[in-house]
Structure formats: C-alpha cells, structure tokens
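Asker: 3D model of this:
(one chain, ligands or ions: 1)
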Amino acid sequence: MFEDINITPSLKNTLQNALDNSRLSHALILEGSDEATRLKTAKAIAMHLLCKGNKRPCGVCSSCIKVIGSSHPDLHILTKDEKSAMIKVDTVRDIKAKATVLPNDGDKSVFIITEAQLMNVQAQNALLKIFEEPSRHVSFILTCPSKSSLLETITSRATAYTLGEEISTFSDEKYSEAKQTAAELLECFISENELQFIKKTAVFRKDKSYFLLTLKAALPIIRDALVLASGGRVPISDKQETAKKLKSAMTQKKLMELLEVTEKIIENTENAANHNLSITRLSAVFYSIKQKG
Ligand SMILES: [Zn+2]
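Answerer: Modelled structure (predicted):
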C-alpha cells in the first residue's frame, strides 16, 4: 500500500515490518515531506491496521475500500476548524468520547489528526490525557510538518517517523509519464479489442522498469474506480476521468479482480528475469476478466 507514496524505501520497510509484527506504537507522529504525503501515509497505515484480508493491507477487502473512500466507521480523520484554523479542545474531547467506545467493525479504532501543529495548547493537553491511558483498541496518527511544533509531553509519548528526507527511487517526471501511460492503457482496455491493447503494450518490451512503474501507476486509478463504484468520493489518483470511465465499463466485482491481477503481475514481474511473459499475461488476464459474464 505504500507503493504509490513518495517516502523512502527504507521507511516503507520500517513501517511495513512494524505493522506486520504488530510492533507499531499506539501513538505515531508523521513529520516532514508535504501535507498530502503525510495524509496518504497515515491512511496507508490505517488501512493496514483495519484490513481484514490475509496479506495486509490487501487493498480489496471491504475495510480497505472503506478506508480509501474515507467511509470506514472506525477511521476518524480530524482536521482544523474551518473558521478558526485551529484544532480546538472540543475536537479532542470528541475524540475522547469516541475512543472510549468499542470499534464498530473490527478490533481497532484509528484516529488521524491531520496537521496536529494546529492544536492549541489546551487541545494538546486534552490529547495527552488520552495518551496517558492508552487503550489497546485505539491508535493515533498525528501528522505535522515538524514534531517540534508539538508539546514535548506529546512527542515523548509517541513514536515519530520522518517522511521524505531522501530522494525517491524514481523522478517525478518519469512517474507523471507512467501515470499518463497507465491512464491511456486502461482507456484502451475499456474501449478497444485485445489486439489493439497488445499493440499498445509493445513499448514495455524493452523496458521492464517502465512496465512496472506503469502498472504501479495504474493501481491508484483502478482503486479510484472501485471507490467510485462503492459510492465513495475521495480520489487518490489524479486520473479521475479514466477512473470514471473504468467504473462505468466494469462491475465492482470485475474491478476488484482487475486490481488483484494487476498486483499479482507486479509481484511476478519484480521476481522475473524476463518480463515479456508478464506483458503477454497482462492482456490475457485483463481481457478474460472483461469477457466474463
Ligand atoms: Zn484489506
């Protein structure tokens, strides 16, 4: 789930390992990088914590889909008060009330406090009281540009992760290009026959890394289509037109299959010496899903 987030590979590993071994602190601070990346990372962690699939986060179970669509009953995302541009003590009292009741859906409630530096001192002290009596079924993720803007009493009770200090493994320009290719490929898939699709994938024959990057760029678009199909509205990709077309052309079940096979092909391609078989497989499995009744 961290694949389309611009944080360092080593941090992805650290987070993934902590999550897989249930060693993640019940209070996290995500600092650094930009606001959107901080929120994306927080949501990816929440998705892992709430996922009901085997390989967490599976990205396709009902919990994951609800997290992506921001409609999960046990995921609470708190932001600043529109008028005062502050996070006030009332907001934190509301968190306290929600944190004392058991989760609705699973065994955890996750609270993301975005831009936690906007909490005034009163609000931070109220949050501290919740931190002092940790509950096993509650996790907190605070995002902020720098943890130094929070009270030390808060930071000393949380584990902080710094996002995006190193340079990402691929350039933004290359990823934009891959996103465009992914959108074109998906649109071709919807409207054209298999032969046209195969012609379009010929560009990947000599470039395994670009093939992988394009598949990775396709994932958020397919997820968006799924979110749209399930009535959600919060987009994670910037190819909304393609996501809409995909949603109109495929059932929710088929979109889910599409997502699963794409993830599978990425995994196989990463481990394969020769990726040309994966390219052939891509069109074969995509079109078999499309043609199913
Ligand atoms: Zn899941």
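
Asker: check contacts around the closest residue to Ile95 other than its chain neighbours.
Answerer: With Cβ to Cβ, 6 or more residues apart in numbering as the measure, Phe111 is the residue that lies nearest to Ile95, at 5.7 Å, once sequence neighbours are left out. In short, each C-beta sits where N, CA and C put it, glycine included. Contacts for Phe111 (Cβ atoms under 8 Å, 6 or more residues apart in numbering) come out as His76, Leu78, Ile95, Lys98, Ala99, Val138, Ser139, Phe140, Ile141.

Asker: Tell me, what's the model's pLDDT at Phe111?
Answerer: Reported pLDDT at Phe111 in the predicted model: 96.

Asker: Quick check: it is in a strand.
Answerer: Yes. When the secondary structure is assigned by DSSP: H, G, I helix; E, B strand; the rest coil, Phe111 falls within a strand.

Asker: Would you mind measuring from it to the ion?
Answerer: Distance of Phe111 to the ion, given as Cβ to the ion, to the nearest Å: 19 Å.

Asker: who does that residue bridge with?
Answerer: In this structure, Phe111 has beta-bridge partners His76, Phe140, where bridges are defined by DSSP bridges.

Asker: Roughly how far does the residue most central in space within the chain sit from Ala218?
Answerer: Note on the chain: the residue nearest the mean C-alpha position is Ala44, at 4.0 Å, using Cα atoms, centre = their mean. From Ala44 across to Ala218, the span is 18 Å (Cβ to Cβ, to the nearest Å).

Asker: Stretch 261-276 and the ion in contact?
Answerer: No. Applying Cβ under 5 Å from the ion, one finds stretch 261-276 out of contact with the ion, separated by at least 11.8 Å.

Asker: got the contact list for that stretch?
Answerer: When contacts are taken as Cβ under 8 Å, 6+ apart, the neighbours of stretch 261-276 outside the stretch itself are 59, 204-205, 208, 211-212, 215-216, 218-219, 222, 278, 281-282, 285-286, 289.

Asker: tell me the mean pLDDT over that stretch?
Answerer: What stretch 261-276 shows for mean pLDDT is 86.

Asker: Pull out the buried positions in it.
Answerer: For stretch 261-276, a neighbour-count test (16 or more other Cβ atoms under 10 Å) marks Val261, Thr262, Glu263, Ile265, Ile266, Thr269, His275 as buried.

Asker: Okay, strands next: where are they in the stretch 151-293 of the chain?
Answerer: Along the stretch 151-293 of the chain, counting by DSSP state E, counting those that start in this stretch, strands occupy 159-163.

Asker: what's the closest non-adjacent residue to Val208?
Answerer: If you look again at residue 208, you'll see it is Lys, not Val. Counting by Cβ to Cβ, 6+ apart, Lys208 lies nearest to His275, which is 4.3 Å off, once chain neighbours are set aside.
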